[in-house]
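Mind looking at a prediction? Sequence and model below.
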Amino acid sequence: MSAKETMSKLPANPERATLDGKNKFLGFWFFLGGETVLFASLFGVYLGLRNSTNGGVTSNELFELPLVFIATMILLTSSLTSVFATMALKTNHFKRMIGWFVVTAILGLGFLGLEIYEFNHYVHEYGHTMQSSAWGSAFYTLVGTHGAHVTAGIVWIALLIFRNMRRGMDLYTAPKFYLFALYWHFIDVVWIFIFTVVYLMGKVG
Amino acid sequence: MSDYKKKNPVWDWLTTVDHKKIGILYLVSGAFFFLLGGLEAILLRVQLLYPEFDFVGAATFNQLLTMHGTTMIFLAAMPLIFGFMNAIIPLQIGARDVAFPFINSLGFWLFSAGGILLNLGWFMGGAPDAGWTGYAPLSTTSPGNGVDFYVLGLQISGIGTLIGGINFLVTIINMRAPGMTFMRMPLFTWSSFITSGLILFAFPALTIGLALLMFDRLFGTQFFAAEAGGNPIIYEHLFWIFGHPEVYILVLPAFGMFSEIIATFSRKRLFGYSAMVFATALIGFLGFMVWVHHMFTVGLGPIANSIFAVATMLIAVPTGVKIFNWLFTMWGGKVSFPTANLFAVGFIPSFVLGGMTGVMLSVPPADYQYHDSYFVVAHFHYVIVGGVVFGLFAGFYYWWPKIFGTVLNEFLGKLHFWLFFIGFHLTFFPMHFLGLMGMPRRVYTYLSGQSLDEANFAATIGAFLMGIATIVMVWNIIQTAVKGKKAGNDPWDGRTLEWAISSPAPEYNFAQTPLIRGLDAWWLEKRAGNKVMVPAEPLDDIHMPDASILPFVMSLGLFIAGLAAIYSMWIIAIGGLVLTVVGMVLRSVIDYHGYHIHKEDLPAEGGKGK
């Protein structure tokens, strides 16, 4: 046993060392299962309506891949930083974990800023709105639901950091942070599908 | 905890996180909506008593039929099932509590907020009138605010159901007592476990369907507007991707109840326990791949129709396995017929009839004839009343002593059963023939001279009989509440763990977590000559969760938001959402450490029963 491990008083998986932690861990995975069906339904709707442009602008004319690429890279990087935070959680480095979660939240804000810019651009430059066509409705609902999830995630982690800053890591706080990391990865995975199904297929499909 | 006993009872019920109390809340509100939905049904039947009869008129008839279906499925059957799950499952698996007591309470309050919102339409300019399915474009173009009540009310109560489902999945996986392996779980717990899985994967599709409907109605989106490239068929898919699993969500827990009740009153172990478990799982699995059989006439093509037809027919196989297992459980047993078992045994032929018409409907060419006729109405009432409602009644008589500590009157119970059983068949059996003769469903009247008069008249008489039966049941409840005789711990000589503890169960369920030594754990101990379960742990202080008003506040916030959104009062709507979010934030930042009941304060028997 290394010196570091001896010093650490927490067990190997502090996020699910208590019954409460185990329940939250499992319950959250189930919640993400439900979220998967939620997004799957939205993807289905989008695929059914993506060519229903109602005579307006088409996806090929609308999307600019460089912007979406930057947004994707920002979000993927934020997933990586949340992995670093989880590693810090497992090795009981509280300050380091907080640091990485702060970086994650800032990257999330960057992504959100780009999305707001993008939506604003589409509405004002192209007249592409939720009401302009069935495709517009499906686009803003799918991508907007994802954006709302990102927003909720940022609020969540900000609240967790603010509340638990002085408390340090223990078996009570560890599950809270761990679940946020799970959620953030999920949002990231959904974005990969959005990038593929909405943007790439919109350009070449 | 000393001030726990001094609490104002109203405040106590508003803030409770005790699964047994939440179960009672679910049962009471479910019963209320069941009476309401039943009243709506009787009004519908009176309208159809005579040809071209003018009792409520066409517009009210549409609202009544929409609200009857919606109320019975979402506001009566679902909460009654959740009531039994809450009241019984933790006891059956030897748990002190559910996994998420707070979320459990939130689930109930969201359900009730949604249910009340849905019914407010009656008082605020017209109830929903687009059918319980709310098909677009009928629902998107329906004038007035009725359908908005449907969309937002169901959305709010649906969230409550979803989180309730997650709570039970985690409870059953993580909270089982030592020795309670999966294959020793009582069938009601098993079927509720599978039902919770179905809820988890089916309800989000409804969430999306309703959300898109709301966007189309309130924000002018074009999802289902064919003239702008939208596609109303998408709504049908979303609705039935949820809607078909929903019927199994309803009926599987009822199957679980029958399995317990028939075994108990046959004084035999359930025949084919593991086949029963796998049949339940298989029904749950196949339940997700049959939704298109509601849409055979949409025109999705012969290949799609054939695949879904075959999948639908397949479901008859595990269901048949179950029917035979129930029959074989009774075979050779010492069968007795208290009211609970009357409903359970009465269920078998009734449900088989519904199952047979189900197989008939699963054949697409034949379905083109049956579609949207009274034949379909007959079919789904045979499976839902004959399956779910009979199950709820059976479970109601069976578990009433455990939940309330008294025994319901058996004479009134049997009267209830016979009136209801005869009324049920009198109402719905003639509908098969009405349908085959071409009477369309959801139409407010019919012409005379088409041989439809007698059957419709009989159906209405049957509906009255069911109404009288329900009054008998209500009278029985009142009688029992006033002067019911006290139930012992184990009035039916039960087999499962809930009968090993006092009636009603103490707040902490088990003073000592029991050790489970096999299937039918309590029966095994009784046969071994034990008076109580063998404890798996020494007597110690018991940890209890904190009560909280936040679930109520969060649900109130969504209720306000929903109601304001219907009238486009966006400031108030945002205020309601803020209230909900503040509730969530408070839940996150306040530490709920719970409290302990000290072992010295436990009753002498230690809750082990008398």
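Everything's here; your move.

Which residue, other than its chain neighbours, is closest to the residue nearest to the spatial centre of chain B?
Nearest to the mean C-alpha position of chain B, counting by CA atoms, centre = their mean, stands residue B:78 at 2.6 Å. Leaving aside its sequence neighbours, residue B:78 sits nearest to residue B:161 (CB to CB, 6 or more residues apart in numbering or on different chains; 6.0 Å). (C-beta placed from N, C-alpha, C; glycine too.)

Please give me every residue in contact with residue A:154.
A:105, A:108, A:109, A:112 (CB atoms under 8 Å, 6 or more residues apart in numbering or on different chains).

ok, now with 6 Å
A:105, A:108 (CB atoms under 6 Å, 6 or more residues apart in numbering or on different chains).

again, but for the one 3 residues further on
Residues touching residue A:157, when contacts are defined by CB under 6 Å, 6+ apart, comprise A:101, A:105, A:180.

any idea what the first one is structurally, helix, strand or coil?
For residue A:101, the reduced secondary structure class is helix; criterion used: DSSP: H, G, I helix; E, B strand; the rest coil.

so it sits right up against residue A:85, yeah?
Yes. Residue A:101 is within contact range of residue A:85, at 4.8 Å (criterion: CB atoms under 6 Å).

And the contacts of the lowest-mean-pLDDT helix or strand in chain B?
Sorting the helices and strands of chain B by mean pLDDT, DSSP states H and E puts strand B:485-486 at the bottom, at a mean of 88. Residues outside strand B:485-486 that contact it (CB under 6 Å, 6+ apart): residue B:407.

again with stretch B:508-528
Counting by CB under 6 Å, 6+ apart, B:94, B:96, B:177-180, B:184, B:495-497, B:499-500, B:533-537, B:539, B:542, B:597, B:602, B:606-607 sit against stretch B:508-528.

Pull out the buried members of the residues you listed.
B:94, B:96, B:177, B:179-180, B:184, B:495-497, B:499-500, B:533, B:535-536, B:542, B:597, B:602, B:607 (16 or more other CB atoms under 10 Å in any protein chain shown).

Restricted to strands, list those.
With DSSP state E as the criterion, strands contain B:542, B:597 from among the buried ones among the contacts of stretch B:508-528.

Give the buried residues for stretch B:326-346.
Buried residues in stretch B:326-346 (16+ other CB under 10 Å): B:326, B:329-330, B:333, B:338-346.

now stretch B:501-514: mean pLDDT?
For stretch B:501-514, the mean pLDDT works out to 94.

Only the C-alpha atoms, please, for that stretch, written as PDB.
Extracted C-alpha coordinates of stretch B:501-514, given in PDB (Å, rounded to 0.1, in the frame of the first residue of the first chain):
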ATOM      1  CA  ILE B 501     -45.200  -7.900  11.000                       C
ATOM      2  CA  SER B 502     -48.000  -6.100  12.700                       C
ATOM      3  CA  SER B 503     -51.100  -4.600  10.900                       C
ATOM      4  CA  PRO B 504     -50.700  -1.800  10.100                       C
ATOM      5  CA  ALA B 505     -46.900  -2.000   9.900                       C
ATOM      6  CA  PRO B 506     -44.900   0.100  12.300                       C
ATOM      7  CA  GLU B 507     -43.200   3.200  10.900                       C
ATOM      8  CA  TYR B 508     -39.900   1.500  10.700                       C
ATOM      9  CA  ASN B 509     -41.400  -1.800   9.200                       C
ATOM     10  CA  PHE B 510     -38.900  -4.200  10.700                       C
ATOM     11  CA  ALA B 511     -37.300  -3.600  14.000                       C
ATOM     12  CA  GLN B 512     -34.600  -6.100  13.000                       C
ATOM     13  CA  THR B 513     -34.000  -6.800   9.300                       C
ATOM     14  CA  PRO B 514     -35.300 -10.400   8.700                       C
END
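
Taking the stretch 501-610 of chain B, what residue is nearest to chain A?
residue B:589 (4.9 Å; CB to the nearest CB).

And for that residue, the neighbour number?
The tally of other residues near residue B:589 (other CB atoms under 10 Å in any protein chain shown) stands at 12.

who's in contact with it?
residue A:163.

For residue A:176, see how far away it is.
11 Å (CB to CB, to the nearest Å).

cool, residue B:290 as well?
In terms of CB to CB, residue B:290 sits 40 Å off from residue A:176.

More neighbours: which of these two?
residue B:290 (23 against 18).

Tell me where chain A has helices.
A:3-7, A:19-49, A:59-62, A:65-90, A:94-126, A:134-164, A:174-194, A:201-204 (DSSP state H).

buried sites along the fourth one?
By neighbour count on 16+ other CB under 10 Å, the buried set for helix A:65-90 is A:68, A:71-72, A:74-75, A:77-79, A:81-82, A:84-86, A:88-90.

what about it, average pLDDT?
96.

In terms of secondary structure, what does that helix contact?
helix A:94-126, helix A:174-194 (3 or more CB pairs under 6 Å, 6 or more residues apart in numbering or on different chains; DSSP states H and E).

and the last one, how far out from the chain's middle?
It refers to helix A:174-194. 5 Å (CA atoms, centre = their mean, to the nearest Å).

With the longest one instead?
How far helix A:94-126 lies from its chain's middle: 10 Å, per CA atoms, centre = their mean.

Low-confidence stretches in the chain?
Reading this off chain A. Chain A contains residues with pLDDT under 70 at A:1-8, A:205.

wait, I meant chain B there
B:1-6, B:604-610.

go with 50
B:1-3, B:606-610 (pLDDT under 50).

Can you name the residue of it nearest to chain A?
Closest point on chain B to chain A, by CB to the nearest CB, is residue B:229, at 3.0 Å.

Touching, that residue and residue A:51? I think so.
No. Using CB under 6 Å, residue B:229 is not in contact with residue A:51; the gap is 8.2 Å.

So the two - more neighbours on which side?
residue B:229 (20 against 13).

quick one, what contacts that one?
A:52, A:54, A:133, A:134.

Show me the helices in the stretch 101-250 of chain B, by range?
B:101-120, B:138-141, B:146-174, B:187-218, B:232-266 (DSSP state H, counting those that start in this stretch).

Run a quick neighbour tally on the closest residue to chain B within chain A.
Residue nearest to chain B within chain A: residue A:52 (3.0 Å; CB to the nearest CB). Neighbours of residue A:52 under the rule other CB under 10 Å: 21.

how much space between the closest residue to it other than its chain neighbours and residue A:133?
The spatially closest residue to residue A:52, leaving aside those adjacent along the chain, is residue B:229, at 3.0 Å (CB to CB, 6+ apart). Computed as CB to CB, the residue B:229 to residue A:133 distance reads 6 Å.

same check, this time on residue B:560
33 Å.

Same drill for those two, tell me which one is more crowded.
Neighbours were counted for residue B:560 and for residue A:133 using other CB under 10 Å; residue A:133 has more, 26 against 21.

measure residue B:312 to residue B:20 for me?
Counting by CB to CB, the gap from residue B:312 to residue B:20 is 39 Å.

What parts of chain A come near chain B?
A:22-23, A:26-27, A:30-31, A:33-34, A:37-38, A:41-42, A:45, A:48, A:52, A:54, A:130-131, A:133-134, A:137, A:159, A:163 (CB under 6 Å from any CB of the partner chain).
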